[in-house]
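>>> A predicted structure for the sequence below; I have some questions about it.
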Amino acid sequence: MSRRHLIIIAAVGLVAILAAACASAPTEQQAPNTPRPTRAPTDTPEPLLDEPVDFAGMLEEIDYSNFDDPTKIDNPWLPVIPGMQYIYEGVTEEAGIVTEHQVIITVTDLVKEIDGVMTVVTWDEDYSGGELVETELAFYAQDNDGNVWRMGEYPEVYEREKLIEAPAWISGLKGAQAGIMMAADPGARDGSYSQGWGPAVGFTDRWQVDMVEQETCVPADCYTGVLITAEYSEEEPDAIQLKYYAEGIGNVQVGWRGLDATREVLELVEVVEMDADEMAAAREAALALEARAYEQSKEVYDQTSPSYIDEDVEASSGMEDEAEADEDAMAEMEEPVKVWENFDPDAFDDPTTVDNEWLPLAPGTQLIFEGVTVEEGEEIPHRIEFTVTELTKEIDGTETVVIYVIDISDDELIEAEIAFYGQDNDGNVWYFGEYPEEYEDGEIVENPAWLHGQEGAMAGIKMWADPQLGTPPYFQGWGPEVEWTDYGQVDAVDEETCVEYDCFEGVLVIAESSLEEEDAYQLKYYAAAIGNIQVGFRGADATQEELELIEIVELDAEALAEIHELALALEESAYENAASVFGGTSPLQGP
């Protein structure tokens, strides 16, 4: 049978609702641990489907413009409230063998963009006989009409603690399409609803209203006015899973009818409102599962942006205190889902001492990377030399460290750049701007310069002092005149990787993208006390750049002086070719 998804989410006022439900509960009840299905299970399938269903032709038509506040899910039959955890217990029966079964569903404080819609991330654990048999991330959004949509899922299925499959489907990828998990008015439609469509993995589940105004008792409590839905799939239309929904609570019970091979029976036994530590642990587990998803489901999950903590409300209130330039820049953004760290010029007492663990910038150090890019299907040798100079430059009142970078493709210099970094008192490394010159056949073809404080540009975080999984995407700078809109996000932690230079443990991975190419990600791998050691890609990155650290050079005085001459010459060019940006700044200063 196609997998059935048990969803139970709490609402505010849970205690009051339970009390009301229990007060009007039937006097004759079964034992608390015995489910009370409205209709007795039977091996003889009842004619749920009056006529054949065109599963592929009866999908839900989603209106992407109808999701103004998609992560606020307050549907009375399926409210999705972050921080709530639901524990179910029961049994399955296969081939006459009854096995204890437990399902734990956690609503995280993570959100994830899927097919252009922000979704709430839930994390499920499924135990059979005390052994984890499945864990899953699922993604939900509510439209303006109150319908709750299932936008996709990433499940991992285990057998004897070994991963045997990960049948992910994500709306908009490989023919998958979102479906309605719960309608705003479930009884309004005379027929069934698609819960989603994942043809590549055989996800074809549908549901329809089976009964209304029912009563049931489970260990959590007794309920009246219960809605019962019947779920089935294209593969097994006669195997029915019954789900019982209490208004204001969500799913409180699961039963079966017909030819359901597992005969799964579950009841809600406990609702937990998690504290901060429990929430953090759940978030960490969900993000760890997502990290595996990027490895196990490259054709599907690899095309999505990472999940992150939902801090939209806090970020919006923080925006009110920002400078007018910040507000103008944010107004130009398509979606307020990436965040700015407020820039405080008074927080840079010693900005040119950059000793951040993940991005140390020690003057005289040169990192050399080699690898390939892909152009028209052909791999091109690629080399980058990243040199920390002893030069500094004052940008909008803050002294910055000057980095000199050259980019060589197939033995030809295609770009030279001076870039500017500073570290604040908290240890965060900021990116203050850059002057790049791009070359073709030895001639300058473009020089898209931007500097903090010039032409609406703003500095952004290049590396946090303490980068954490789940941090929202953060802008690394903002250069509106040259469309520089790069942002980053922690993608993974505690990774292992080997490059030509050495092997590393505890590696941090940052996924970088931009507003212009949100489906293209550059993955940067950082080793503590060294910095960037490897570069990869994900998604629609046209260059498919892959680089690895091959050498770290501590330049002697003569070699460093040569680099200084090159950087100073490049700045002279900047004053000539980017006068509107560099004209209002003071020149580079020597050691």
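Ah, there it is. Not measured: the values here are computed from a predicted model. Numbering: from 1, shown residues only.
>>> Need the three-state assignment for the nearest residue to Gly146 once chain neighbours are set aside.
In space, and not counting its chain neighbours, Gly146 is closest to Ala184: 3.1 Å by C-beta to C-beta, 6 or more residues apart in numbering. To be clear about C-beta, it is placed using only N, CA and C from the backbone, and glycine gets the same treatment. Reduced to three states with DSSP: H, G, I helix; E, B strand; the rest coil, the structure at Ala184 is coil.
>>> Ok, Glu562 next?
Per three-state DSSP, Glu562 ends up helix.
>>> how's the chain carved up into domains?
Using automatic domain parsing, the domains assigned to the chain come out as 14-303, 328-488+554-582.
>>> ok so, going back, does the residue nearest to Gly146 touch Tyr193 like I think?
No - using C-beta atoms under 8 Å, Ala184 is not in contact with Tyr193, being 11.5 Å away.
>>> more neighbours, the two?
Higher neighbour count among Ala184 and Tyr193: Tyr193, with 22 against 17, using other C-beta atoms under 10 Å.
>>> show me the residues around the more buried one that make contact.
With contacts defined as C-beta atoms under 8 Å, 6 or more residues apart in numbering, Tyr193 is in contact with 60, 179-180, 183, 206-208.
>>> repeat for Leu289
By C-beta under 8 Å, 6+ apart, the residues touching Leu289 are 123, 135-137, 154, 156.
>>> Can you list the residue ranges for strands in the stretch 301-450 of the chain?
308-309, 365-375, 378-395, 398-409, 412-423, 429-440, 443-446, 450-451 (DSSP state E, counting those that start in this stretch).
>>> and the next element down the chain from the last one?
Of the helices and strands lying after strand 450-451 in sequence (DSSP states H and E), the nearest is strand 458-463.
>>> Would you map the helices across the protein?
14-23, 276-296, 312-319, 324-332, 557-577, 579-582 (DSSP state H).
>>> Which one of the domains of the chain has the poorest average confidence?
Lowest mean pLDDT of these: domain 14-303, a mean of 87.
>>> Tell me the pLDDT of the most centrally placed residue in the chain.
Computing the C-alpha centroid of the chain and ranking residues by C-alpha atoms, centre = their mean puts Ser307 first, at 1.6 Å. Confidence at Ser307, expressed as pLDDT, is 89.
>>> these two touch, right, it and Glu284?
No - counting by C-beta under 8 Å, Glu284 is not a contact partner of Ser307; they are 11.8 Å apart.
>>> joint contacts of the two?
By the contact definition C-beta under 8 Å, 6+ apart, Ser307 and Glu284 are jointly contacted by Gly470.
>>> which residue packs closest to Pro351, ignoring adjacent ones?
Nearest non-adjacent residue to Pro351, counting by C-beta to C-beta, 6+ apart: Gly422, 3.6 Å away.
>>> Pull the contacting residues for the one you found.
Residues near Gly422 by C-beta under 8 Å, 6+ apart: 348, 351-352, 354, 395, 398-401, 429-430, 432, 459.
>>> what pairs with it across the strands?
Trp430 (DSSP bridges).
>>> just to revisit the earlier point, give me every residue that touches the residue nearest to the centre of the chain.
Ser307 neighbours (C-beta under 8 Å, 6+ apart): 110-112, 121, 137, 286-287, 290, 470.
>>> Adding neighbour count, write these out as CSV.
Shown next, in CSV, are the contacts of Ser307 (neighbours: other C-beta atoms under 10 Å):
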residue, neighbour count
Leu110, 25
Val111, 23
Lys112, 24
Val121, 28
Leu137, 25
Ala286, 24
Leu287, 25
Glu290, 23
Gly470, 21
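>>> Thank you kindly, that will do.
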